[in-house]
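Colleague: give me a 3D structure for the following:
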Amino acid sequence: IYGLGALLYTLLTELPPYTASRIPDVLAQIISQPPIPPSQLRSGISSHLNDLCMRCMTKSPAHRLASAEQFCLDILAHDNSQE
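Modeller: Residues are numbered from 1 along each chain as shown. A predicted model of the protein is given here:
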């Protein structure tokens, strides 16, 4: 689920969630810092997608979505609410 969140983050912002010149520094960021919320980097991102992305990338697995199916259902619910 974390990986889906990171992919969604990149699709929404056109940026990776974490950047550094060395891999150990990126890993340290992943462990110690939440990413900057996508809506702070790009205007026009809905609060629903922003919240979904951040929930997928939360540090605690217990606070993430339970499954890829739940992720898909959440995305579809958001898409249907836009009609």
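Colleague: list the contacts for residue 67?
Modeller: Residues in contact with residue 67, defined by C-beta atoms under 8 Å, 6 or more residues apart in numbering, are residue 1. Just so you know, the C-beta spots here come from the backbone N, C-alpha and C atoms, and that holds for glycine as well.
Colleague: which residues touch the closest residue to residue 68 other than its chain neighbours?
Modeller: Once flanking residues are discounted, residue 68 sits nearest to residue 4: 6.5 Å by C-beta to C-beta, 6 or more residues apart in numbering. For residue 4, the residues meeting the contact criterion (C-beta under 8 Å, 6+ apart) are 56, 68, 71.
Colleague: whichever of these end up buried, select them in ChimeraX.
Modeller: The ChimeraX selection below is limited to those of those classed as buried (16 or more other C-beta atoms under 10 Å):
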select :56,71
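Colleague: make JSON lines from the contacts of residue 4 and add secondary structure to it.
Modeller: Conversion of those to JSON lines gives the following (DSSP: H, G, I helix; E, B strand; the rest coil):
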{"residue": "56", "secondary structure": "helix"}
{"residue": "68", "secondary structure": "helix"}
{"residue": "71", "secondary structure": "helix"}
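Colleague: which stretches in this protein count as helices?
Modeller: According to DSSP state H, the chain carries its helices in the segments 2-13, 23-32, 38-41, 47-56, 68-81.
Colleague: buried residues of the fourth one, list them for me.
Modeller: Going back to what we said before, that points to helix 47-56. 49, 50, 52, 53, 54, 56.
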